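**Q** quick one: sequence and predicted model below, then my questions.
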Amino acid sequence: MSQAAAVVRLLDGSRDRSEVLSEAARGGVPAEVAERVLTVLAAAGVLIDYPAQLLGSVPAELRRRLRPVLAAASLGSQDGDGGARLMARRSATTVAVSGAGPVADSVADLLTQSGLATRREASADGGKADLLVLVGHQSPSQTTELLRLARPHLAVSASEGIGVVGPLVLLGSTACLRCLDLARTARDPAWPLVLAQLSGRAADPPACDPILAAAVAAQAAAVVVAFADRAPLAQAAVNGTLELLAPGWQWRRRSWRPHPACCCGASAAA
């Protein structure tokens with residue numbers, strides 16, 4: 001048992017398999033004992049085969065900050081690599097967050113802390129980002145520009161005591177913001193006027209307290225992380241909006257179908 005304990009103490013994520021065996025041998029643990037310990041741990045599903053070189057290449061401060069993220073990713077994915085594969089996907093996913101205010105600030109901060117390559121944008125062009133996060137109501141001209149850009153984007157808003165996350169738009173295959181506007185106009189012919197008022201100027205002060213802002217930012221960040229992780233949660237905002245109403249604080253999902261009159265082409269593809 002003392003030899004087994006010596007091997008276990010070497011499993012701190014800083015060594016790969018061959019390095020563990022070599023270090024154990026230098027400590028007087030026979031190779032067959034070290035191999036047996038690793039085999040038993042692997043069979044029990046408790047051995048994380050994390051790429052030590054990748055961990056060593058991360059600066060110490062960043063590694064310390066990402067350790068809780070790696071642990072959560074490892075538990076959630078159960079892929080046996082300590083979350084390395086998910087973190088590689090996140091670091092390779094660029095996200096542009098446009099908009100001002102506490103919701104946009106919180107979304108950008110949460111995504112950065114979660115390991116995504118995140119930047120703030122003054123407008124909705126997003127450069128070459130893999131995903132645009134648009135905080136605030138979008139005007140018809142902005143919606144048209146998003147169709148031209150043809151990049152995935154997530155709409156987020158929080159005002160008048162209502163938080164909305166979605167839709168997550170994959171142009172050409174899912175309902176876009178213009179699809180939603182057309183559907184709302186069919187139900188309420190006055191919607192274009194309401195939309196013009198919403199996007200024309202910001203409410204002063206906005207009816208969005210810190211709790212609503214934090215809840216909406218967290219939900220939006222969760223959808224973006226799921227998009228990067230290729231996790232099912234991202235689908236909750238596809239062809240749908242996630243809505244939170246104060247003071248009930250109950251999230252609900254509203255479904256939206258691609259509109260046949262929209263030029264995005266999603267209706268034909270559905």
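**A** Thanks, I have the structure now. No experiment lies behind these values; they were computed from the predicted model shown.

**Q** C-alpha from now on. contacts and neighbour counts both.
**A** Fine.

**Q** next, count neighbours for residue 128.
**A** Look at residue 128: counted by other Cα atoms under 10 Å, it has 12 neighbours.

**Q** no no, residue 257
**A** For residue 257, using other Cα under 10 Å, the count is 17.

**Q** which of the three states applies to it?
**A** coil (DSSP: H, G, I helix; E, B strand; the rest coil).

**Q** scan this protein for its longest helix.
**A** Longest helix in the chain, counting residues (DSSP state H): helix 210-229.

**Q** what is that helix packed up against?
**A** Contacts defined by 3 or more Cα pairs under 8 Å, 6 or more residues apart in numbering; DSSP states H and E place helix 210-229 against helix 84-91, helix 102-113, strand 153-159, strand 162-169.

**Q** can you get me a residue count around the residue lying closest to residue 232 once chain neighbours are set aside?
**A** Closest residue in space to residue 232, ignoring its immediate chain neighbours: residue 226 at 7.0 Å, by Cα to Cα, 6 or more residues apart in numbering. Neighbourhood size, residue 226 [other Cα under 10 Å]: 16.

**Q** over to the one 3 residues further on?
**A** Residues contacting residue 229 under the criterion other Cα under 10 Å number 20.

**Q** residue 147 too?
**A** Residue 147 has 18 nearby residues by other Cα under 10 Å.

**Q** contacting residues around it?
**A** Listed by Cα atoms under 8 Å, 6 or more residues apart in numbering, the contact partners of residue 147 are 171, 264.

**Q** can you tell me how far it is from residue 177?
**A** 9 Å (Cα to Cα, to the nearest Å).

**Q** residue 90 touches residue 231, doesn't it?
**A** No. Proximity of residue 90 to residue 231 does not meet the contact threshold set by Cα atoms under 8 Å, at 11.9 Å.

**Q** buried residues in the helix or strand residue 25 falls within?
**A** Using DSSP states H and E, residue 25 falls within helix 17-26. Within helix 17-26, the residues scored as buried using 16 or more other Cα atoms under 10 Å are 20-21, 23-25.

**Q** could you do stretch 105-118 as well?
**A** Buried-residue list, stretch 105-118, by 16+ other Cα under 10 Å: 105-112, 114-118.

**Q** average pLDDT for that stretch?
**A** Mean per-residue pLDDT for stretch 105-118: 93.

**Q** roughly how far is that stretch from the heart of the chain?
**A** The chain centroid and the centroid of stretch 105-118 are separated by 9 Å under Cα atoms, centre = their mean, to the nearest Å.

**Q** residues in contact with it?
**A** Counting by Cα under 8 Å, 6+ apart, 65-66, 69, 87, 90-97, 119-120, 214, 217-218, 220-221, 224-225 sit against stretch 105-118.

**Q** just the buried members of these?
**A** Applying 16+ other Cα under 10 Å to the contacts of stretch 105-118 flags 66, 69, 87, 90, 93-97, 119-120, 214, 217-218, 220-221, 224-225 as buried.

**Q** count the neighbours of residue 188 for me.
**A** Using other Cα under 10 Å, residue 188 is surrounded by 11 other residues.

**Q** quick one: low-confidence parts of this structure?
**A** The chain contains residues with pLDDT under 70 at 13-14, 49-60, 62-63, 74-84, 124, 126, 199-207, 270.

**Q** OK, contacts around the residue minimising distance to the centre of it?
**A** Nearest to the geometric centre of the chain sits residue 225, at 1.5 Å (Cα atoms, centre = their mean). By Cα under 8 Å, 6+ apart, residue 225 lies in contact with 90, 111, 114, 116.

**Q** return the residues in contact with the first one.
**A** The one in question is residue 90. Going by Cα under 8 Å, 6+ apart, residue 90 touches 114-117, 225, 228-229.

**Q** take the residues you listed and write them to CSV, including distance to residue 158.
**A** Putting the contacts of residue 90 into CSV (distance: Cα to Cα, whole Å) gives the following:
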residue, distance to residue 158
114, 22
115, 25
116, 23
117, 24
225, 20
228, 23
229, 25
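
**Q** now the two most distant members of the buried residues of stretch 105-118.
**A** 105 and 115 (15.9 Å; Cα to Cα).
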